[in-house]
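> The sequence isn't on hand, but the structure is:
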């Protein structure tokens, strides 16, 4: 009985949050660019001013998980520093500086009967964001939704709840200072998973889209249970292919960065494929550089024979998003072999080709169907901020509506405005 009562209470609380978000979304959809930008800048200033409070809240979260034996990549995502908080604030200012997508005329044309038709960007409405250990998502998602005219309901993981609440308070302060509805950015302050289930139900039509940010199990649950559209990627199984035409020094630098800059992000390279023709020249320098940085090499039998200290790769290694300092390495027969391997194992997130042969690059871009493809650049550029979007709410690997980094434009839909002079249809 107590469980049922508790669930009923959670459902009622979540529905209230949904109703408030819906009401705020109607006001936000017509808010001026100046007001939205003012809220973002005030929120950024509040984050900087509250740096010590946010760090204290983050210390509570870190202390709570200290004895849980969590992966270093999880702890890294959870950890805030003064620099990361400053970057969060700068991200809000960068989003404020972007053009407002709401009301943008995407296309316009006139019909032979004189009707003038415009396709115009419009907010999606209310966005539910469910995330795990990344407290910075609180700021990124709140800011992106605000700039695109959407209300947002944030549900962070229990491990980052204190950090997320401290950041959320700063965003609310920004909304209040700009005269915008404070319910435009709400956070779920309970850790009970029933709150997630309520959000996935759509809260009786008040949530228009769900964005999950987290591990494979979270995203899989959201995709399986959501009754509203979902922008998501299940995992970032990113590949990097080194062609025989690639410059060796560049290849070493790019591969090391793609794997080791931050191993716990979804854009980190997890599989390295090297052209068999380049094995004698490229393989050892690249793997030496990775090993020197502490990366574990899990190699095909052919690579193992040429690189001492590597471990045997299993079939599962080609399917694994490690999110730590481990990489699977194999040799392939040129670009054709790379394409075959990537298309067989990819999660359609991000892939990179290192090559100076334009024909190789053309085949890679044309024959691989992932959301992000890079030429002679690190996979760690798979990020909305690096794309000039000011930030992202996530990376979408689906093919409907949004794909790749989901920034402010991807958080809008569109409507048609049709102007006539009295036309009737015969």
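Structure received. Keep in mind the model is a prediction, meaning the values are calculated, not measured.
> got the domain boundaries for this protein?
Using automatic domain parsing, the domain ranges for the chain come out as 2-231+406-418, 238-381.
> Report the next helix or strand after whichever strand or helix holds residue 259 in sequence order.
Following DSSP states H and E, one finds residue 259 within helix 248-260. Note on helix 248-260: by DSSP H and E, the next helix or strand toward the C-terminus is strand 269-275.
> Just the buried positions in whichever helix or strand comes after that next one, please.
For strand 269-275, the succeeding helix or strand toward the C-terminus, using DSSP H and E, is helix 284-292. Within helix 284-292, the residues that qualify as buried are 286-287, 289-290, counting by 16 or more other CB atoms under 10 Å. Where C-beta positions appear, they are placed from N, C-alpha and C, glycine not excepted.
> what residues does the helix or strand hosting residue 219 touch?
Using DSSP H and E, residue 219 sits in helix 216-225. The contact list for helix 216-225 (CB atoms under 8 Å, 6 or more residues apart in numbering) reads 130, 132, 196-197, 200, 210, 212, 230, 232-235, 321.
> can you check stretch 27-44 too?
Under CB under 8 Å, 6+ apart, the answer for stretch 27-44 is 89-90, 92-93, 95-96, 100, 102, 122-123, 125, 139, 142-143, 146-147, 149-151, 170-171, 173-175, 177-181, 184.
> cutoff 7 Å now
Stretch 27-44 is contacted by residues 89, 92-93, 95-96, 100, 123, 143, 146-147, 149-151, 170-171, 173-175, 177-181, 184 when judged by CB atoms under 7 Å, 6 or more residues apart in numbering.
> Filter the residues you listed down to the ones in strands?
Among the contacts of stretch 27-44, DSSP state E puts 123, 151 in strands.
> Of the contacts of stretch 27-44, keep whichever come out buried.
Applying 16+ other CB under 10 Å to those flags 89, 92-93, 95-96, 100, 123, 143, 146-147, 149-151, 170-171, 173-175, 178, 180-181, 184 as buried.
> just the helices in this structure please.
Applying DSSP state H to the chain gives helices spanning 2-28, 33-49, 51-64, 72-78, 82-96, 136-147, 161-177, 194-200, 216-225, 248-260, 284-292, 301-304, 334-345, 358-367.
> want to throw those into CSV with distance to residue 401 and mean pLDDT?
Below are the helices of the chain laid out as CSV (distance: least, CB to CB, whole Å; pLDDT from 0 to 100):
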stretch, distance to residue 401, mean pLDDT
helix 2-28, 18, 85
helix 33-49, 22, 98
helix 51-64, 33, 96
helix 72-78, 27, 85
helix 82-96, 20, 95
helix 136-147, 15, 95
helix 161-177, 25, 97
helix 194-200, 18, 93
helix 216-225, 15, 86
helix 248-260, 28, 98
helix 284-292, 37, 97
helix 301-304, 40, 96
helix 334-345, 24, 97
helix 358-367, 22, 97
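> just so I know, which of the ones you listed lies nearest residue 424?
Taking CB to CB, helix 2-28 is the member of those nearest to residue 424, at 32.5 Å.
> Measure how the closest one sits relative to helix 136-147, angle-wise.
Relative orientation of helix 2-28 versus helix 136-147 (axes from the mean of the first three to the mean of the last three CA atoms, to 10 degrees): 40 degrees.
> Just the buried positions in helix 2-28, please.
Buried, per 16+ other CB under 10 Å, within helix 2-28: 10-11, 13-14, 17-18, 20-25, 28.
> Next, find the distance separating residue 98 from residue 426.
Distance check for residue 98 against residue 426: by CB to CB, to the nearest Å, it reads 45 Å.
> The two: which is more packed in?
More neighbours surround residue 98 than the other of residue 98 and residue 426, with 19 against 4 (other CB atoms under 10 Å).
> which residues does the nearest residue to the more buried one once chain neighbours are set aside contact?
Spatial nearest neighbour of residue 98, excluding adjacent residues (CB to CB, 6 or more residues apart in numbering): residue 390 at 4.9 Å. By CB under 7 Å, 6+ apart, the contact set of residue 390 is 91, 94-95, 98, 407.
> rerun that using 10 Å as the cut-off
40, 90-98, 140, 143-144, 147, 384, 407-408 (CB atoms under 10 Å, 6 or more residues apart in numbering).
> hmm, back to that, for the domains of the chain, give me JSON lines that also has distance to residue 400.
What follows is those, written out as JSON lines (distance: least, CB to CB, whole Å):
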{"stretch": "domain 2-231+406-418", "distance to residue 400": "8"}
{"stretch": "domain 238-381", "distance to residue 400": "12"}
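> Looking at the ones you listed, which is nearest to residue 395?
Using CB to CB, the nearest of the domains of the chain to residue 395 is domain 238-381, at 6.2 Å.
> now the end-to-end length of the closest one.
Start-to-end span of domain 238-381 (CA to CA, to the nearest Å) is 12 Å.
> before we move on, back to that, the helix holding residue 219: which residues count as buried?
218-219, 221-223.
> Figure out how far it is from the centre of its chain.
The chain centroid and the centroid of helix 216-225 are separated by 15 Å under CA atoms, centre = their mean, to the nearest Å.
> And for stretch 370-383?
14 Å.
> Distance check, residue 419 against residue 120.
For residue 419 relative to residue 120 (CB to CB), the value is 12 Å.
> Pick out whichever of those two has more residues nearby.
For residue 419 versus residue 120, neighbours defined as other CB under 10 Å are more numerous around residue 120 (17 against 11).
> can you pull the contacts of the more buried one?
Contacts of residue 120 by CB under 10 Å, 6+ apart are 102-108, 412-417.
> same thing but 7 Å
By CB under 7 Å, 6+ apart, residue 120 lies in contact with 103-106, 414-415, 417.
> Kindly state the pLDDT recorded for it?
Model confidence at residue 120, given as pLDDT, is 97.
> Residue 390 versus that one, what's the distance?
Applying CB to CB to residue 120 and residue 390 gives a distance of 21 Å.
> hang on, the earlier thing: kindly indicate which of the buried residues of helix 284-292 lies nearest residue 71.
residue 290 (19.2 Å).
> and residue 46, how many residues sit next to it?
20.
> Give me the nearest residue to it, chain neighbours excluded.
Nearest non-adjacent residue to residue 46 (CB to CB, 6+ apart): residue 170, at 3.7 Å.
> what's the distance between the one you found and residue 225?
Relative to residue 225, residue 170 is positioned 31 Å away (CB to CB).
> out of the buried residues of helix 284-292, which one sits closest to residue 308?
So of the buried residues of helix 284-292, ranked by how close each gets to residue 308 (CB to CB), first place is residue 287, at 9.9 Å.
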